[in-house]
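A.B. asks: predicted structure and sequence below. I'll ask about it afterward.
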Amino acid sequence: MKTFEQIDLFSHNTMRLHSVATVLYTPETIEELIDVLKKTPNSIIIAAGSNIVLPPRLERPVISLMSLDNRLDIIGDGIVYAGCSVRVQKLIRFLQKNSLGGIEYLYSVPASLGGLVYMNGGRGREHNMAISDYLVSVEYLDLDDMTVKKYVAKCNDFSYRHSPFQELNAIIIAAYFRFKEQNADVTESLIKERLAYSKKYLSADKPSCGTAFCKGNRYIFRLLRGMRVGGAMFSKKTSNWISNVDNATYEDICKLIKRTQRIHKLFFSECKSEIKIIKD
């Protein structure tokens, strides 16, 4: 396990905010993770940082999961094992080499496998495009008793941007999948198609967390395009997408999120942020 002191987490979050952590731990085994959690029970846990907004300074210890488990393997009967630290692009390329596929639409998402399962990444079950569509089981660390447990996937436990792990005090360690057979050329074509779509329709040219709200009024989101607070702005091209357009601060993004919530409230519309605001 590596330990860093007074480290800027700029490269650890996709919104590219400067956030100095007093100490950052990067455990490389479950045993190291359990050990550091026991020593620092009030720690902030991060992974690829694609769904978080960090404050300028973090006095609480930070634990990064990105060195915990980067393994990929195919085990008996076509089951794919993927560690929580594996980035989704690496998983898709691994599947391609093994003539498997089905999740190429996630190639543009800057997420780790653990975060992807936790948020049930994808467009939702109604589109037949969610990571849970291929999920068999999950290994997770129960933070209440510090033991590794197994969850067997059930379709009804997942919905748009929701997984059962959001109700558990747990850390996803690894996941097991059963993907469909797919020619490598088909996978390559679907990857290129997704990247072209991302370039045309998504504001991926500036740092962001991607989709900002998992619930909200699509007409309101469309009206909010271009709304700006300091260096944070709702994309003019993509609804429900907050970008860091000019050295945005933690406060800029928080104010933009709160303003969105107030506007929804005025129109009696439900609104739920997908972005996690980290507080020290």
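C.D. replies: Yep, that arrived. Numbers count the residues shown, from 1 in each chain.

A.B. asks: now Ser203: closest residue in space that isn't a chain neighbour?
C.D. replies: Spatial nearest neighbour of Ser203, chain neighbours left out: Ser235 (3.8 Å); criterion: CB to CB, 6 or more residues apart in numbering. From N, CA and C alone the C-beta is placed, and that goes for glycine too.

A.B. asks: does the one you found touch Ser243 like I think?
C.D. replies: Yes - counting by CB atoms under 8 Å, Ser235 does reach Ser243; the two are 5.4 Å apart.

A.B. asks: neighbour count winner among the two?
C.D. replies: Just comparing Ser235 and Ser243: by other CB atoms under 10 Å the higher neighbour count belongs to Ser243, 26 against 22.

A.B. asks: any idea which element that one lies in?
C.D. replies: strand 241-244 (DSSP states H and E).

A.B. asks: quick one: average pLDDT of that strand?
C.D. replies: The average pLDDT within strand 241-244 is 96.

A.B. asks: what's the following helix or strand after it?
C.D. replies: Next element after strand 241-244 (DSSP H and E): helix 250-266.

A.B. asks: can you give me the mean pLDDT across that next one?
C.D. replies: 97.

A.B. asks: coming back round to it: need the overlap of contacts for Ser235 and Ser243.
C.D. replies: Common contact partners of Ser235 and Ser243 (CB atoms under 8 Å, 6 or more residues apart in numbering): Ser203, Ser208.

A.B. asks: which parts of the chain are helices?
C.D. replies: With helices called from DSSP state H, the chain shows them at 30-39, 88-97, 113-118, 184-201, 218-223, 250-266.

A.B. asks: ok, residues contacting the first one?
C.D. replies: It stands for helix 30-39. 1, 25, 27, 43, 61, 63, 65, 68, 141, 143, 146, 148, 171, 173.

A.B. asks: wait, doesn't the fourth one sit right on Leu58?
C.D. replies: It stands for Ser43. No - using CB under 8 Å, Ser43 is not in contact with Leu58, being 10.0 Å away.

A.B. asks: looking at the two, which has the bigger crowd around it?
C.D. replies: Taking neighbours as other CB under 10 Å, Ser43 and Leu58 compare with Leu58 leading, 22 against 17.

A.B. asks: ok, Ser108 touching Tyr201?
C.D. replies: No - if you go by CB under 8 Å, Ser108 and Tyr201 don't touch, sitting 10.3 Å apart.

A.B. asks: hang on, the earlier thing: give the other helices and strands that the strand holding Ser243 contacts.
C.D. replies: strand 208-211, strand 232-234, helix 250-266 (3 or more CB pairs under 8 Å, 6 or more residues apart in numbering; DSSP states H and E).

A.B. asks: tell me the domain ranges of this structure?
C.D. replies: Domain ranges of the chain: 2-64, 72-185, 203-277, per automatic domain parsing.

A.B. asks: using CSV, lay out those together with distance to Arg194.
C.D. replies: Output for these, formatted as CSV (distance: least, CB to CB, whole Å):
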stretch, distance to Arg194
domain 2-64, 16
domain 72-185, 5
domain 203-277, 11
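
A.B. asks: mind checking which of these is nearest Tyr197?
C.D. replies: Tyr197 lies closest to domain 72-185 among these, at 7.8 Å (CB to CB).

A.B. asks: who touches the residue nearest the centre of the chain in this structure?
C.D. replies: For the chain, Gly115 is the residue whose C-alpha lies nearest the centre (CA atoms, centre = their mean; 4.1 Å). The contact partners of Gly115, taken as CB under 8 Å, 6+ apart, are Ala47, Ala48, Ser50, Asn51, Gly121.

A.B. asks: switch to 6 Å and redo it
C.D. replies: When contacts are counted by CB atoms under 6 Å, 6 or more residues apart in numbering, Gly115 touches Ala47, Ala48.

A.B. asks: quick check: the gap between it and Ile75.
C.D. replies: As for Gly115, its distance to Ile75 is 23 Å (criterion: CB to CB, to the nearest Å).
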